[in-house]
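J.: Sharing a model prediction with you, sequence too.
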Amino acid sequence: MGYLPPTEKNGAGVRALFKLIVLLIFIAWICAMFPKARALVEAPIQYAHGVASTIELFNLQKAIAMCKTLYERYPTRDEFERYVRENFDSRGRSVLADSWNTPYSYRASNTAYELRSAGPDRIMMTNDDLTISQKD
């Protein structure tokens, strides 16, 4: 079973890939020509980024709780970052950055913490930020 000559069956994948590329080029052209269409395409993508970052924030909140158990206080930023790097799967990107690729902000004292994603505008301390905080 070596070489297979081109047939209808093994050429189907190439045709499907070509159709996908043509579709993506067409969508890009529509978005460039019609700004309102671009907003329609980007809205679900931004929503998905928001959902992904919210899930990550909740997972990081669990990491903070584990660190608090280990250290009997909320971890410093360095302790938190080290714990996350050692215990979370990065899936090829920084675990300490949100889905917009902006680093999370983490601030803590002995009795409270705040974990923040900059949100879609990628600027901290604006109305679109995603935040989890705890105060004992």
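T.: Everything's here; your move. Numbers count the residues shown, from 1 in each chain.
J.: Tell me which stretches of this structure form helices.
T.: 12-33, 35-71, 77-87 (DSSP state H).
J.: For residue 136, find the nearest of the ones you listed.
T.: For residue 136, the closest of the helices of the chain is helix 35-71, at 9.4 Å, according to CB to CB. To be clear about C-beta, it is placed using only N, CA and C from the backbone, and glycine gets the same treatment.
J.: mind listing what's buried in that closest one?
T.: Applying a neighbour-count criterion of 16 or more other CB atoms under 10 Å, one finds 49, 50, 53, 56, 57, 60, 63, 64, 67, 68 buried in helix 35-71.
J.: Just want the angle from it to helix 12-33.
T.: With axes from the mean of the first three to the mean of the last three CA atoms, to 10 degrees applied, the angle from helix 35-71 to helix 12-33 works out at 110 degrees.
J.: can I assume residue 61 is in contact with residue 114?
T.: No - the pair residue 61 / residue 114 is not scored as a contact, 10.9 Å apart, by CB atoms under 8 Å.
J.: follow-up on the earlier one: can you say which of the helices of the chain is nearest to residue 107?
T.: helix 77-87 (7.7 Å).
J.: Ok, which of the helices of the chain comes nearest residue 102?
T.: Nearest of the helices of the chain to residue 102, taken as CB to CB: helix 35-71 at 9.2 Å.
J.: which secondary structure elements does the helix-or-strand element of the chain with minimal mean pLDDT contact?
T.: Of all regular secondary-structure elements in the chain, judged by mean pLDDT, DSSP states H and E, the least confident is helix 12-33 with a mean of 77. Helices and strands touching helix 12-33, by 3 or more CB pairs under 8 Å, 6 or more residues apart in numbering; DSSP states H and E, are helix 35-71.
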